[in-house]
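Colleague: need a structure here:
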Amino acid sequence: MDDSLSEFVKKNKDGFDDKEPSARVWKEIENRLPLAKHVSIWNSVAVWRAAALAFLCLSLYTFFTRPSGRPNMNAYQSADFTDLETFYSGQIQEKVEFINSFETGNEKDQLGQDFQKLDAMYQVLSEEMKIRPSEKVKDAMVLNLLIRIDLLNQQIKKLEDKRKPRNMAS
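Modeller: Reported below is the predicted structural model:
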């Protein structure tokens, strides 16, 4: 039965599509539909336009009233950074003095060359911090200090390893 009905609909499809219900029929259908629920204020285009305008005004205000010029150097050269720099510089100085008391010429020359390169990089970073201070430059400066300390620690370990066989032989 379903097949014969679908066959009939397919054959007479044009006959079904040629007429539209009258306006009276549509009016009856609308009357039978449940009443529309309360429309939310957020569905209003005017509200969204006003919100977009408020956001634009706030963004422009923020953009044009921000402080001009370079960031304050004190923001990046804070007391914490100065304390770190002082601490690491003190550690480096102690280790250099310890190494200088034990080291001979060739090893001292290689360490001196490495330290000169690191010091030159540190000076460049320091100048960059004065011109364009940023967190990246500050982090690079701290990393430079840490690399120096690591280099010194490696040199101290080499000296201690050389010293051990002499002490054991005595």
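Colleague: max-length helix in this protein?
Modeller: The single longest helix within the chain, with elements called by DSSP state H, is helix 135-169.
Colleague: and that helix, average pLDDT?
Modeller: In this model, helix 135-169 carries a mean pLDDT of 80.
Colleague: packing partners of that helix?
Modeller: helix 73-76, helix 79-102, helix 105-131 (3 or more C-beta pairs under 8 Å, 6 or more residues apart in numbering; DSSP states H and E). The C-beta positions use only the backbone N, C-alpha and C, and glycine is treated the same way.
Colleague: out of those helices, nearest to residue 146?
Modeller: Closest approach to residue 146 among these is made by helix 79-102 (7.2 Å; C-beta to C-beta).
Colleague: packing partners of that closest one?
Modeller: The helices and strands touching helix 79-102, judged by 3+ C-beta pairs under 8 Å, 6+ apart, are helix 105-131, helix 135-169.
Colleague: one more time with 6 Å
Modeller: Judged by 3 or more C-beta pairs under 6 Å, 6 or more residues apart in numbering; DSSP states H and E, the packing partners of helix 79-102 are helix 135-169.
Colleague: coming back round to it: save the helices and strands packed on helix 135-169 as TSV, and put in mean pLDDT, distance to residue 46 and mean neighbour count too.
Modeller: Shown next, in TSV, are the helices and strands packed on helix 135-169 (pLDDT from 0 to 100; distance: least, C-beta to C-beta, whole Å; neighbours: other C-beta atoms under 10 Å):
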stretch	mean pLDDT	distance to residue 46	mean neighbour count
helix 73-76	49	43	12
helix 79-102	82	51	13
helix 105-131	79	50	13
